[in-house]
Every structure is written in structure tokens, then in C-alpha cells.
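Peer 1: Attaching a predicted model along with its sequence, questions to come.
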Amino acid sequence: MSDKTSLLKAALRDAEVTKEVVVERAAAHALPGVLRRAAPGARWMIVADDTTWDIAGQAAQALLEAQGIALAPPLMLPARPRLKPRVAASATIARKLAVHGLMPLAVGSGVVNDLVKHAAMLAGKPYVCFATAASMDGYAASGAALLDEDGFKRTLACPPPVAVLADLDVLGAAPARMTAWGYGDLAGKTVAGADWLLADALGIEPLSRRPFDMVQAHLRGWLGASGRLAAREPEAMGDLMAGLLVSGFAMQAHGNSRPASGSDHQFSHLWEMENLQVGGEPAAHGACVGVGCVAMLALYEWLLARPDTALASAAERAEDGYDDAALSREIDAAFDREEFRTAARGEMTAKRAAGGRRARIEGFAGVWPVLRGQLASQLIGANDMQQRLRTLGAAAHPRDLGIAGARLAADYRRARLIRRRYTLLDLLDDIGWLDAAITDLFSPGGFWAA
């Protein structure tokens with residue numbers, strides 16, 4: 001049994017919903033048995049887009065028909081322009097499933113999987129996913145990141161698939177940019193882990209050791225294969241897919257996305273909900289996460305360089321309460337759509353209900369000597385991460401996404417407004433250091449200096 005297979009089997013034991021995972025060459029051959037075990041006697045419907053149908057869906061349909069699996073005609077989603085993850089689209093799929101009593105088989109990557117995942121929940125059906133690219137960690141995750149009717153991106157609660165299959169040859173044949181997206185999504189786990197360590201140290205969100213270790217114990221090994229991934233080595237592709245799936249299983253085990261999503265993802269969600277375009281298409285999630293990861297690694301490096309005396313002084317000067325009027329003005333200036341402002345106010349109200357600011361800063365000053373060492377061991381250097389991303393041709397700098405320096409500087413503040421999850425962005429804002437950190441990062445000699 002390979003290390004990848006052993007790791008997936010071990011992670012699967014912690015998964016609440018997913019019962020089977022197959023990551024190997026010719027994985028499609030396992031589909032008939034997987035579907036029979038998932039829902040004996042059920043009638044299935046493949047949901048794919050034009051591209052994934054040609055890559056894997058058509059062959060899967062023919063195989064399943066030959067093996068006597070009851071099938072409805074496939075549901076084809078448009079691949080061009082790039083499909084958007086809208087709640088309305090998942091509702092349409094759900095109606096078809098419910099009316100005809102069908103079980104869904106998602107054949108595709110991020111958006112197809114999220115749409116089917118949410119649709120299956122709405123219809124009260126289990127679903128199976130056949131992944132066509134190692135492009136993101138959401139395959140096995142609880143929840144789907146979708147755009148609501150107002151265009152605000154939210155992670156909506158819904159069960160993950162009961163089984164996930166991925167063919168190494170299909171993954172290797174996927175566009176190189178999709179593999180780069182998956183690597184970017186996995187890279188973000190370095191920041192997610194650091195943010196969780198920070199929140200745990202402050203008593204805001206206790207660290208759950210098993211889900212944390214499921215991701216972090218293997219992360220450096222997964223991220224060390226960028227050169228092999230660029231060469232499309234099948235085993236490296238399998239390891240990347242395993243890392244993405246294990247991240248999803250960790251989220252299943254924990255009950256939310258904390259093991260795999262931190263401030264890195266907040267940049268991504270901000271850009272995605274504002275419909276950031278790259279080359280005339282919506283920016284890919286993994287590309288945004290990769291740049292968000294680098295942005296936050298640079299910010300963590302800034303914090304680690306602060307002398308202990310500066311933190312002690314900040315703790316002495318800290319005020320206990322928050323200026324709600326100032327926050328309201330900031331939110332009004334940050335977003336040009338009222339529905340985004342309303343959502344941001346709700347998220348920040350929930351986040352600030354966790355306790356007084358002065359007590360939080362004083363507590364941080366007390367744990368900082370130990371936490372500093374933990375973070376230094378956890379993190380990868382921002383320059384190092386940029387180089388790894390570039391090896392794969394992945395987005396590694398905001399200009400790769402068409403984002404100007406002034407916009408990124410503003411987004412360091414805006415990103416914290418859209419999620420109630422406490423991260424380094426919130427800590428630095430509590431201390432009163434966030435603006436100074438941003439200024440330093442963009443000043444001559446700073447990480448983002450032109």
C-alpha cells in the first residue's frame with residue numbers, strides 16, 4: 001500500500017460522510033461498484049460541463065451503462081463563459097434531482113462539485129464526485145462556496161460526497177493552470193494553520209489537534225513537489241490530490257473549514273465575490289488563494305520581526321472597547337453594494353462579540369514568546385512560497401491577477417471585514433498595528449515595494 005493510499009485511508013476514518021476514496025490510474029473502473037454501494041438500485045445522473053463531459057463524463061456514462069447502472073440523460077452545464085457557483089444554479093439542479101428521483105454523480109472540478117454538493121443537499125440525496133483536476137480542496141469538504149442572490153460569497157452548509165474518485169491520468173492531462181490552482185489552494189494551509197494557532201492561543205477558537213495534524217503534519221511534504229508537479233509526474237499529482245482531499249476530510253472531521261481556510265482565503269473570497277477578472281474570465285479560486293497566502297506570509301514575517309518591547313507597549317496603551325461608528329464608516333467606504341455592507345456588519349458584529357480588545361491584547365502579549373516559536377516553525381517564507389508557485393506557473397504576485405499595489409494595500413483591511421473568523425488581520429487591527437504593517441510592506445525595502 002502506497003503512502004498516499006495509507007494516508008487517505010487513515011483520513012477517511014475521521015470523515016463524517018465520505019466512505020470511499022479512489023485515487024489511482026483507471027479509477028473510473030471502480031465507479032460501478034462505488035455507485036452500487038452508495039445507493040443500491042438507484043438511478044443516477046451525471047452532472048458535467050462541456051469540457052469535463054469530453055474528458056471523463058462520456059466515458060463514465062458508457063461504462064456505467066455497460067455495467068447495468070440505471071442512468072438518466074446527463075445534465076450538461078455550460079463551460080464557457082466559465083461557470084459561476086451561483087445558488088440559483090444549484091437550486092435548478094436540485095429540482096431536477098427531486099422531480100425524477102435521481103442521484104447525482106458530479107464529473108468535474110471546483111464549481112461543478114460545489115453546485116452538485118449543494119443541489120444534493122437541497123434534494124435530500126447523497127452524491128458521488130469524479131474529480132477531473134487537482135485544482136482545489138473542496139471535493140471532500142463539508143460546505144459549498146457559492147454566490148448568494150446578492151452576489152456575496154458564502155460557504156453554505158451541506159454534506160460532502162459519499163465517495164470521491166480521481167484518475168491520475170485524467171488529473172495529469174488537466175490544464176497546467178488547474179494544477180497550479182490546486183497547489184495555490186494547498187499552499188494557503190500554511191496560513192490557515194498559523195491563524196488557527198493564533199486564535200487558539202488567544203482563547204477565541206480552540207485548536208482541535210486531530211484535524212489540525214491531518215493537514216499540517218504532511219503539508220511541507222505535499223508542498224515540496226512543485227518541480228515534479230510541473231513535470232506532471234503521476235505520483236506527484238496523486239500526492240497533491242491526496243493533500244487536497246485530506247484537507248477536505250479534516251474539515252469534515254472538525255465540522256467547519258477552520259483546518260484549511262484562514263486569512264489567505266479571505267482575500268480570495270473578497271476578490272471572487274467582486275468578480276475579479278483575469279484574461280476575461282473570473283479569477284480562479286486557487287490562484288487567488290495563492291496570492292492571498294503570499295500576502296499573509298509577508299504580514300506574518302512583519303509581525304515576527306517586531307521586538308517584544310513594542311508588543312508590551314501596545315498592550316499598555318490598549319483600550320478595551322471598539323469604535324463601532326468608525327467600523328461602520330470603514331465598511332461603508334470598503335464596499336459599494338449595500339448587501340455587501342450589511343453582510344460585513346453582521347460578520348464583524350459576530351467576531352467582536354468574542355470579548356474585550358484590551359484583554360485580548362494583554363493575553364497575546366503573555367503567550368507571544370511561545371507562540372512566536374510555533375509560528376516560525378509553521379510558516380514558509382513569503383519569497384520561498386512565491387518561487388514555488390512560479391515553478392508551476394501559478395499566480396504568485398497581485399499583478400498576476402491584475403491587482404495594483406494600492407488595491408492590495410486596501411484589501412489587507414477589507415479582507416478581514418467579510419468573515420467572522422479571527423485571523424492575524426484582526427489581531428493587528430486590535431493592537432493598532434495593521435495600518436503600520438501595510439505601510440511597511442509597501443514602502444521602499446518592504447516586501448511589496450515596486
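Peer 2: Thanks, I have it.
Peer 1: and the lowest-mean-pLDDT helix or strand in the chain, which strands flank it?
Peer 2: When the helices and strands of the chain are scored by mean pLDDT, DSSP states H and E, strand 153-156 comes last with a mean of 77. Here strand 153-156 is paired, per DSSP bridges, with strand 144-147 (antiparallel).
Peer 1: Just the CA atoms of the strand it pairs with, as CSV, please.
Peer 2: What follows is strand 144-147, C-alpha atoms only, in CSV (Å, rounded to 0.1, in the frame of the first residue of the first chain):
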residue,chain,number,x,y,z
ALA,A,144,-20.0,24.7,-0.7
ALA,A,145,-18.6,28.2,-1.5
LEU,A,146,-21.4,29.8,-3.6
LEU,A,147,-22.6,33.2,-4.6
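Peer 1: Contacts made by it with the rest, please.
Peer 2: Strand 144-147 has contacts (CB atoms under 8 Å, 6 or more residues apart in numbering) with 84-87, 90, 113-115, 117-118, 138, 153-156, 158, 269, 273, 285. Placement of C-beta: from N, CA and C, glycine included.
Peer 1: which among those residues end up buried?
Peer 2: 85-87, 90, 113-115, 117-118, 138, 153-156, 158, 269, 273, 285 (16 or more other CB atoms under 10 Å).
Peer 1: Out of the residues you listed, list just those in helices.
Peer 2: 87, 90, 113-115, 117-118, 269, 273, 285 (DSSP state H).
Peer 1: I'd like to know which of those is nearest to V191.
Peer 2: Ranked by distance to V191 (CB to CB), these are led by H269 at 13.7 Å.
Peer 1: quick one: pLDDT of that closest one?
Peer 2: Looking at H269, its pLDDT is 92.
Peer 1: hang on, it packs against R416?
Peer 2: No. Shown here, H269 and R416 do not form a contact pair, counting by CB atoms under 8 Å, at 11.4 Å.
Peer 1: Can you get me a residue count around V107?
Peer 2: V107 has 31 neighbours, counted by other CB atoms under 10 Å.
Peer 1: in the sheet, who's paired with it?
Peer 2: A48, F130.
Peer 1: distance of it from G402?
Peer 2: 31 Å (CB to CB, to the nearest Å).
Peer 1: quick one: low-confidence parts of this structure?
Peer 2: 1-2, 79-82, 150, 152, 354-355, 450 (pLDDT under 70).
Peer 1: Which helix or strand contains I46?
Peer 2: strand 44-49 (DSSP states H and E).
Peer 1: Output that strand as PDB, nothing but the C-alphas.
Peer 2: Output of strand 44-49 as PDB, limited to C-alpha atoms (Å, rounded to 0.1, in the frame of the first residue of the first chain):
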ATOM      1  CA  TRP A  44     -28.000   8.200 -11.300                       C
ATOM      2  CA  MET A  45     -27.500  11.300 -13.400                       C
ATOM      3  CA  ILE A  46     -24.100  12.600 -14.400                       C
ATOM      4  CA  VAL A  47     -23.700  16.400 -14.000                       C
ATOM      5  CA  ALA A  48     -20.800  17.800 -16.000                       C
ATOM      6  CA  ASP A  49     -19.900  20.800 -18.100                       C
END
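Peer 1: That strand - contacts with which helices or strands?
Peer 2: Counting contacts by 3 or more CB pairs under 8 Å, 6 or more residues apart in numbering; DSSP states H and E, strand 44-49 is packed against helix 58-66, strand 75-77, helix 87-100, strand 103-108, helix 110-123.
Peer 1: quick check: angle from the last one to strand 44-49?
Peer 2: Orientation check (axes from the mean of the first three to the mean of the last three CA atoms, to 10 degrees): helix 110-123 against strand 44-49 gives 140 degrees.
Peer 1: from the chain's centre, how far out does helix 110-123 sit?
Peer 2: Relative to its chain's centre, helix 110-123 lies at 16 Å (CA atoms, centre = their mean, to the nearest Å).
Peer 1: Report all helices and strands that that helix contacts.
Peer 2: Helix 110-123 packs on strand 44-49, helix 87-100, strand 103-108, strand 128-131, strand 144-147, going by 3+ CB pairs under 8 Å, 6+ apart.
Peer 1: that older thread, buried residues, the strand holding I46. List them.
Peer 2: Applying 16+ other CB under 10 Å to strand 44-49 flags 44-49 as buried.
Peer 1: Can you lay out those residues as TSV showing distance to Q61?
Peer 2: Converted to TSV, the buried residues of strand 44-49 look like this (distance: CB to CB, whole Å):
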residue	distance to Q61
W44	10
M45	10
I46	6
V47	11
A48	9
D49	14
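Peer 1: Now do the contacts for P126.
Peer 2: Contacts of P126 (CB under 8 Å, 6+ apart): 38-39, 103, 120, 159, 161-162.
Peer 1: Hmm, I typed the wrong one, I wanted Q387.
Peer 2: Q387 touches A396, counting by CB under 8 Å, 6+ apart.
Peer 1: Helix or strand: which one has it?
Peer 2: helix 382-391.
Peer 1: and the next element down the chain from that helix?
Peer 2: On the C-terminal side of helix 382-391, the nearest following helix or strand under DSSP H and E is helix 405-414.
Peer 1: ok, and for that following helix, which residues are buried?
Peer 2: 408-409, 411-414.
Peer 1: Next: stretch 175-193.
Peer 2: 177-193.
Peer 1: can you check stretch 4-19 too?
Peer 2: Applying 16+ other CB under 10 Å to stretch 4-19 flags 4, 7-8, 11-12, 14-15, 18 as buried.
Peer 1: now that stretch, how far from the chain's geometric center?
Peer 2: Relative to where its chain is centred, stretch 4-19 has its mean C-alpha point 19 Å off (CA atoms, centre = their mean).
Peer 1: cool, and stretch 260-272?
Peer 2: Here the centre of stretch 260-272 is set off from its chain's centre by 7 Å, with CA atoms, centre = their mean.
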